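*Asks:* one predicted model, sequence on top.
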Amino acid sequence: MALELLAEHTFPKLLWYVKNPDDYVFNLDDVRDPDVKYPNQKKNGKLKCNPNGKNPSDVWRIPKVTSGANRASKERTPHPAQFPIEMITRIVKASSNKSGLILDPFMGSGSTAEVALREGRYVIGFELEKRYIKYAAERLDEVSERIEMAKAQGTLFRSEKRLEL
């Protein structure tokens, strides 16, 4: 019983390592939390906080991807161990630059590859299960099509902050 309770309340632990502490990528401004309590607070005439938002905390509150009748997440795929797009987006933005290369050695349904393409990164992924490879390929074709359409219609969306692909 205690083990079941623990399993219900687990969450992924993400560890961030660098090979060279003098040469790494961490794009803090891309992952700042825009929800600042007093965004225009000033001290001696200068803004007291960063206009891009506050530093992200160690705990990210991101809804999990759910499944089941009448409660499945919009982003749900057939893969049983899917990470939320919001979490992957934060990781990709923080730890890579535009036109950078993302490696996903356990590609599954292609969530990381989808985020990489949306965020202007290249991606290499590996997957052993043929059914997930097929699903990921279809998913990435769909995303690529939407990206191409958005580029073709670029002038229509320049006034929007972010285009949902």
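*Replies:* Noted; the coordinates are in hand. Please read all numbers here as calculations on a predicted model, not as lab measurements.

*Asks:* where along the protein do the strands fall?
*Replies:* 42-43, 46-47, 101-104, 122-125 (DSSP state E).

*Asks:* low-confidence stretches in this structure?
*Replies:* For the chain, applying pLDDT under 70 flags the ranges 1-11, 38-39, 68-69, 71-72, 155-165.

*Asks:* what residue in it is the furthest from its centre?
*Replies:* Asn44 (37.4 Å; C-alpha atoms, centre = their mean).

*Asks:* just the CA coordinates for the lengthiest helix in the chain, please, in PDB.
*Replies:* Taking DSSP state H as the criterion, the chain has its longest helix at helix 130-152. Below are the C-alpha coordinates for helix 130-152, written out as PDB (Å, rounded to 0.1, in the frame of the first residue of the first chain):
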ATOM      1  CA  LYS A 130       8.400   0.000 -35.200                       C
ATOM      2  CA  ARG A 131       4.900   1.100 -34.200                       C
ATOM      3  CA  TYR A 132       6.400   4.200 -32.400                       C
ATOM      4  CA  ILE A 133       8.700   4.900 -35.300                       C
ATOM      5  CA  LYS A 134       5.700   5.000 -37.600                       C
ATOM      6  CA  TYR A 135       3.700   7.200 -35.300                       C
ATOM      7  CA  ALA A 136       6.700   9.600 -34.800                       C
ATOM      8  CA  ALA A 137       7.300   9.800 -38.500                       C
ATOM      9  CA  GLU A 138       3.600  10.800 -39.200                       C
ATOM     10  CA  ARG A 139       3.700  13.300 -36.300                       C
ATOM     11  CA  LEU A 140       6.900  14.900 -37.500                       C
ATOM     12  CA  ASP A 141       5.500  15.100 -41.100                       C
ATOM     13  CA  GLU A 142       2.500  16.900 -39.700                       C
ATOM     14  CA  VAL A 143       4.600  19.300 -37.700                       C
ATOM     15  CA  SER A 144       6.900  20.000 -40.700                       C
ATOM     16  CA  GLU A 145       3.900  20.800 -42.800                       C
ATOM     17  CA  ARG A 146       2.500  23.300 -40.300                       C
ATOM     18  CA  ILE A 147       5.900  24.900 -40.000                       C
ATOM     19  CA  GLU A 148       6.200  25.300 -43.800                       C
ATOM     20  CA  MET A 149       2.600  26.800 -43.900                       C
ATOM     21  CA  ALA A 150       3.500  29.200 -41.200                       C
ATOM     22  CA  LYS A 151       6.600  30.300 -43.000                       C
ATOM     23  CA  ALA A 152       4.700  30.700 -46.200                       C
END
